[in-house]
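Undergrad: Quick one: sequence and predicted model below, then my questions.
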Amino acid sequence: MHMEYKRIKMNSLIFALHVLVTVVWCAPRRCEPGDEILGRCKASAEERAKCTDIVMGYCDDMPYAKTIFPNILDHKTRADAETGTEYLLLSVVHSLLNGECTPDIRMLGCSVLVPRCEKDRIVKPCRSTCEAVRKSCAHAFEGIEMAWPYFLDCDRFFVSDEEGCYDPLEGLRERQEVAMASISPEEPATIIQFTYHSNAQMINVLKKTAARCSDISRTYSIGRSFEGKDLLIIEFSDNPGQHELLEPEVKLIANMHGNEVLGRQLLIYLTEYLCSEYLLGNERIQTLINTTRIHIFPSMNPDGYELAAAEVEGYNDPENEEGPRYNGWTSGRANSQNIDLNRNFPDLTSIMYNRRRSRRFRSDHIPIPDSYWFGKVAPETYAVMKWIRSIPFVISASLHGGELVVSYPFDYSRHPQEEKMFSPTPDEQVFKQLARTYADAHAIMGDNDSNRCGASFASKGGIINGAQWYSFAGGMSDFNYLHTNCFEITVELGCDKFPAEDELYLGWQQNKEALLSFMESVHRGIKGIVKDEDGNGIKGARISVRGIRHDIITAEYGDYWRLLTPGIHILTASAPGYSKVMKKIHLPSRMLKAGRVDFVLKKTVLEPDMDDTILPAMGTYERFDPYNQFERYTLSELGENGEERQEKPWWWAYFTQSGSSAPTWLLRNY
């Protein structure tokens with residue numbers, strides 16, 4: 001009996017266990033992430049995601065109040081989304097893009113990070129909205145060399161209208177329409193923020209401007225400063241990146257002395273102005289850009305600028321008892337090697353003076369003496385020399401500060417012992433005309449007010465020969481004239497080397513017309529093409545003007561530009577192996593564009609001119625950095641394995657300092 005009872009009890013226990021196992025086995029198992037989507041299980045009501053309030057600070061102005069997790073990027077929780085690089089990007093996108101395309105980009109990103117939730121389900125944003133934003137804002141990312149963020153991939157995370165999407169910018173557009181309705185309609189205009197720009201901000205503006213006006217502009221680098229900062233230039237042309245036949249080339253350079261900063265800011269504003277006004281249909285700007293290749297170099301000495309800006313910022317500290325000081329002759333004039341860049345160019349003026357008594361000696365295309373390369377050559381100087389040798393510039397302006405006047409070559413006195421001696425070039429009248437063009441178009445530079453900055457030059461109309469003001473050797477303007485075709489003037493923009501920020505707008509107003517008029521003045525004198533009998537352009541042919549001992553050399557395809565004052569001139573075109581051709585021309589005083597004078601040269605065998613042999617040997621023009629002492633200035637940095645090292649963009653620190661994984665998806669060409 002007892003044994004029977006134990007057997008029944010055991011069978012009952014086994015049966016109970018069997019039932020329990022059956023119940024457990026048949027119960028729906030707990031869903032793992034993604035299992036429900038694949039049909040492996042069905043989450044219970046308690047496990048299903050539900051709509052929840054949006055509590056993320058940079059997304060609290062979305063046109064809906066409920067979101068859901070996991071989101072479209074599969075962030076499981078709000079904490080996951082908030083600590084991700086995607087959200088960090090949205091939090092700083094306004095400052096990265098300098099206010100452009102925001103809040104559009106931020107709200108589009110929020111529609112993916114905190115998607116709209118209805119009935120506990122995600123409602124995806126519309127692909128059409130994403131595509132419209134990308135079309136209008138891609139240039140802003142290109143301007144800072146940032147890739148379009150992966151989570152704004154229109155095909156991957158957005159859907160069509162047929163799939164039941166919504167427009168995440170609908171509320172934003174409604175607010176903008178209301179705001180615009182309250183503003184009286186006006187003509188579109190260029191908007192410029194008249195503030196100082198750090199080196200990073202300057203690079204950002206130049207690249208964003210080039211991206212915005214990609215059909216007419218581009219940026220390019222000519223090297224690096226001693227501390228490794230990019231020497232970046234922006235170019236404007238109807239065919240950027242190409243020299244076009246008979247289209248003259250102009251350059252504007254500023255901030256050669258790092259503590260002379262107004263010119264730097266003016267050129268930054270000028271780039272924005274040219275781009276915007278071209279797009280707005282300004283006929284004057286369109287004509288200028290379509291007929292001229294313009295190169296703008298806002299900061300030749302970015303290292304010096306940083307030093308000067310830091311000193312000014314220190315004086316503006318509220319705890320500084322001396323109070324704000326902008327007018328000081330601050331540090332930062334020289335580069336980081338303590339080299340004054342405007343004394344660092346080869347002194348070709350002395351060579352010309354020493355040899356000017358030779359009957360056939362010319363004041364043009366003087367080679368750089370080998371002795372120059374044994375001295376201390378700044379990387380900034382080296383970069384500029386290579387640059388101006390590679391492009392057939394016609395005119396140039398170098399913007400400085402400390403006075404209010406335009407000076408022109410020669411800057412070095414023809415008698416070195418004389419500190420203030422009138423020392424004209426053979427093109428004295430052309431240089432005076434260029435200087436007058438800028439000074440007369442300036443708001444106050446050319447007037448006779450004796451109580452203003454630059455009053456000591458009022459009697460001269462705001463212009464002066466450089467050596468007559470004060471003499472110095474190794475200047476950039478003399479080098480341009482004696483080594484290349486380029487005629488460069490020096491513009492002193494005002495007595496304050498580092499003016500207060502609230503004076504920048506006034507500086508722009510005073511100089512805008514002068515800058516435009518100067519660039520337009522390149523279309524004076526004559527231009528043309530020197531060809532052989534087969535119609536091929538002759539590179540390196542000389543254009544001589546009787547009475548002016550300064551020749552111009554033809555460019556790659558035989559074209560040339562020769563600035564001349566009105567009157568009668570006798571021109572001669574010559575080239576080795578060709579006969580000379582002479583022409584007499586008359587330039588009227590009211591010519592609105594350069595006259596066209598072409599030459600056709602016949603091949604011939606010429607006997608050497610004995611006068612040429614009496615000149616002292618000077619080496620060849622092409623002999624540049626003959627000992628390769630400074631070629632390292634132009635070499636790319638190489639990594640450990642010899643590959644070119646990709647320098648991270650300036651905004652990279654925003655993300656690497658946050659502690660999250662590095663967002664390589666933001667690097668272009670990664």
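TA: Sure thing, it's come through. Just so it is clear, the model here is predicted, and its values are computed rather than measured. Residues are numbered from 1 along each chain as shown.
Undergrad: When you work out contacts or count neighbours from here on, use the C-alpha atoms and nothing else.
TA: OK.
Undergrad: Pick out the residue nearest the middle of this protein.
TA: residue 206 (3.0 Å; Cα atoms, centre = their mean).
Undergrad: contacting residues around the helix or strand that residue falls within?
TA: Taking DSSP states H and E as the definition, residue 206 sits inside helix 199-212. Around helix 199-212, the neighbours that count as contacts under Cα atoms under 8 Å, 6 or more residues apart in numbering are 139-145, 216-219, 232-234, 268, 271-272, 275, 302, 306, 650.
Undergrad: and if you look at stretch 578-593?
TA: Counting contacts by Cα under 8 Å, 6+ apart, the residues outside stretch 578-593 that touch it are 523-525, 565-574, 595, 599-606.
Undergrad: which among those residues end up buried?
TA: Buried by 16 or more other Cα atoms under 10 Å: 523-525, 565, 569, 572-574, 595, 599-602, out of the contacts of stretch 578-593.
Undergrad: if we take those, which one ends up nearest to residue 129?
TA: Taking Cα to Cα as the measure, residue 129 lies nearest residue 523 of the buried ones among the contacts of stretch 578-593, at 46.4 Å.
Undergrad: Tell me which residues touch the closest one, please.
TA: Residue 523 makes contact with 248, 592-594 under the criterion Cα under 8 Å, 6+ apart.
Undergrad: Please indicate which of these are buried?
TA: The neighbour count (16+ other Cα under 10 Å) marks 248, 594 as buried among these.
Undergrad: tell me the SS of residue 233?
TA: Classification of residue 233 by DSSP: H, G, I helix; E, B strand; the rest coil places it in strand.
Undergrad: Residue 653: neighbour count?
TA: 11 (other Cα atoms under 10 Å).
Undergrad: From residue 92, how far off is it?
TA: 12 Å (Cα to Cα, to the nearest Å).
Undergrad: Please apply the same query to residue 135.
TA: 21 Å.
Undergrad: Have a look at the two and say which one is more surrounded.
TA: For residue 135 and residue 92, the more surrounded residue by other Cα under 10 Å is residue 92, and the numbers stand at 16 against 9.
Undergrad: and the more buried one, which of the three is it?
TA: In the three-state summary, residue 92 is assigned as helix, counting by three-state DSSP.
Undergrad: hmm, back to that, just the buried ones among the contacts of helix 199-212, please.
TA: Using 16+ other Cα under 10 Å, the buried ones in the contacts of helix 199-212 are 139-145, 216-219, 232-234, 268, 271-272, 275, 302, 306.
Undergrad: Please flag which of those residues sit within strands.
TA: When DSSP state E is applied, the buried ones among the contacts of helix 199-212 are split such that 217-219, 232-234 fall in strands.
Undergrad: pretty sure residue 226 is touching residue 378, no?
TA: Yes. The pair residue 226 and residue 378 passes the contact test of Cα atoms under 8 Å, sitting 7.3 Å apart.
Undergrad: From the structure, what's the count of residues near the closest residue to residue 197 other than its chain neighbours?
TA: In space, and not counting its chain neighbours, residue 197 is closest to residue 265: 7.5 Å by Cα to Cα, 6 or more residues apart in numbering. Other residues within reach of residue 265 by the criterion other Cα under 10 Å amount to 22.
Undergrad: give me the element residue 265 is part of.
TA: With DSSP H and E as the test, residue 265 turns up in helix 262-279.
Undergrad: Export only the CA atoms of that helix, formatted as CSV.
TA: What follows is helix 262-279, C-alpha atoms only, in CSV (Å, rounded to 0.1, in the frame of the first residue of the first chain):
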residue,chain,number,x,y,z
LEU,A,262,41.7,96.4,-41.4
GLY,A,263,42.8,95.3,-44.9
ARG,A,264,42.4,91.6,-43.9
GLN,A,265,38.8,92.3,-42.9
LEU,A,266,38.0,94.4,-45.9
LEU,A,267,39.2,91.6,-48.2
ILE,A,268,37.0,89.0,-46.3
TYR,A,269,34.0,91.3,-46.8
LEU,A,270,34.9,91.9,-50.4
THR,A,271,34.8,88.2,-51.2
GLU,A,272,31.3,87.9,-49.7
TYR,A,273,30.2,91.1,-51.5
LEU,A,274,31.5,89.9,-54.9
CYS,A,275,29.8,86.5,-54.6
SER,A,276,26.5,87.8,-53.3
GLU,A,277,26.2,90.7,-55.8
TYR,A,278,27.0,88.5,-58.7
LEU,A,279,24.2,86.2,-57.7
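Undergrad: helices and strands around the next helix or strand after that helix, which ones?
TA: Towards the C-terminus, the helix or strand next in line after helix 262-279, according to DSSP H and E, is helix 283-291. Packed against helix 283-291, as judged by 3 or more Cα pairs under 8 Å, 6 or more residues apart in numbering; DSSP states H and E, are the following elements: helix 262-279.
Undergrad: could you give the angle of the helix it packs on to helix 283-291?
TA: In this structure, helix 262-279 runs at an angle of 100 degrees to helix 283-291, with axes from the mean of the first three to the mean of the last three Cα atoms, to 10 degrees as the basis.
Undergrad: Would you mind listing the outside residues contacting helix 262-279?
TA: With contacts defined as Cα under 8 Å, 6+ apart, helix 262-279 is touched by 189-190, 192, 194, 196-197, 202, 205-206, 209, 212-213, 234, 252, 254-255, 285-286, 296-299, 399-401, 493, 497-499, 504, 507-508, 511-512.
Undergrad: Buried subset of those as a PyMOL selection?
TA: With 16+ other Cα under 10 Å as the burial test, the buried ones among the contacts of helix 262-279 are selected in PyMOL as follows:
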select buried, resi 194+196+202+205+206+209+212+213+234+252+254+255+285+286+296+297+298+299+399+400+401+493+497+498+499+504+507+508+511+512
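Undergrad: Give me the subset of the contacts of helix 262-279 that lies in strands.
TA: When those are checked against strands using DSSP E, the ones located there are 234, 252, 254, 296-297, 399-400, 493.
Undergrad: can you put the residues you listed in CSV and add distance to residue 360 and pLDDT?
TA: Conversion of the ones in strands among the contacts of helix 262-279 to CSV gives the following (distance: Cα to Cα, whole Å; pLDDT from 0 to 100):
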residue, distance to residue 360, pLDDT
234, 40, 97
252, 33, 98
254, 36, 98
296, 36, 98
297, 36, 98
399, 35, 98
400, 36, 98
493, 39, 97
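Undergrad: one step back: and the helix holding residue 206 with helix 262-279, angle?
TA: Using the same axes, to 10 degrees: helix 199-212 against helix 262-279 is 20 degrees.
Undergrad: Relative to the whole chain's centre, how far out is helix 199-212?
TA: How far helix 199-212 lies from its chain's middle: 5 Å, per Cα atoms, centre = their mean, to the nearest Å.
Undergrad: CA atoms only: put that helix into PDB for me.
TA: C-alpha atoms of helix 199-212 as PDB (Å, rounded to 0.1, in the frame of the first residue of the first chain):
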ATOM      1  CA  ASN A 199      42.100  82.400 -38.800                       C
ATOM      2  CA  ALA A 200      39.700  79.500 -38.700                       C
ATOM      3  CA  GLN A 201      36.700  81.700 -39.300                       C
ATOM      4  CA  MET A 202      38.400  83.400 -42.200                       C
ATOM      5  CA  ILE A 203      39.200  80.100 -43.800                       C
ATOM      6  CA  ASN A 204      35.500  79.100 -43.200                       C
ATOM      7  CA  VAL A 205      34.200  82.200 -44.900                       C
ATOM      8  CA  LEU A 206      36.500  81.900 -47.900                       C
ATOM      9  CA  LYS A 207      35.600  78.200 -48.500                       C
ATOM     10  CA  LYS A 208      31.900  78.800 -47.900                       C
ATOM     11  CA  THR A 209      31.900  81.700 -50.300                       C
ATOM     12  CA  ALA A 210      33.700  79.600 -53.000                       C
ATOM     13  CA  ALA A 211      31.200  76.800 -52.500                       C
ATOM     14  CA  ARG A 212      28.200  79.200 -52.700                       C
END
